[in-house]
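[1] sharing a model that was predicted from the sequence below.
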Amino acid sequence: DVLLIHNPRAGEATMERGCAPLQLSGHWHRRVGPEPSGEGVRLVSTSSGGGAEGGTTMGPLRATAELTVLRVDAATGTPMDYRT
């Protein structure tokens with residue numbers, strides 16, 4: 001189970017209750033984690049659209065775009081590792 005949610009703060013209650021072992025988020029335009037969050041782990045990716053923190057994403061990219069690839073065990077569904 002993976003909680004995909006735009007704003008990391010919106011997933012805090014879910015993580016505190018242990019309803020998801022992993023939360024993947026964005027919104028902050030900077031990478032944070034992976035770090036403990038409640039009963040699981042949270043990873044916040046930086047911008048996939050090249051938006052700089054506090055800036056607009058309309059028009060040309062103003063910062064480096066980044067993508068996170070998560071590898072999951074096919075038999076168990078357990079997240080194993082990630083690469084940016």
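    Yep, that arrived.

[2] show me what contacts residue 8?
    Residues near residue 8 by CB atoms under 8 Å, 6 or more residues apart in numbering: 23, 25, 27, 28, 32, 42, 44. Every residue, glycine included, has its C-beta placed from N, CA and C.

[3] next up, the contacts around the fifth one.
    Meaning residue 32. Counting by CB under 8 Å, 6+ apart, residue 32 has contacts 8, 42, 43, 44.

[4] contacts for the helix or strand hosting residue 81 next, please.
    Under the criterion of DSSP states H and E, residue 81 resides in strand 79-83. Identification of contacts with strand 79-83 by CB under 8 Å, 6+ apart yields 2, 21, 22, 34, 41, 43, 68, 69, 70, 71, 72, 73.

[5] biggest separation within the contacts of residue 32, which pair?
    Of all pairs drawn from the contacts of residue 32, the greatest distance, 9.1 Å, lies between 8 and 43 (CB to CB).

[6] quick one: common contacting residues for the two?
    23, 25, 32.

[7] quick one: residue 62 is in a strand?
    No - with DSSP: H, G, I helix; E, B strand; the rest coil as the criterion, residue 62 is assigned coil and is not in a strand.

[8] listing partners with orientation, what would you give for the strand holding residue 81?
    strand 69-72 (antiparallel) (DSSP bridges).

[9] alright, I will stop here.
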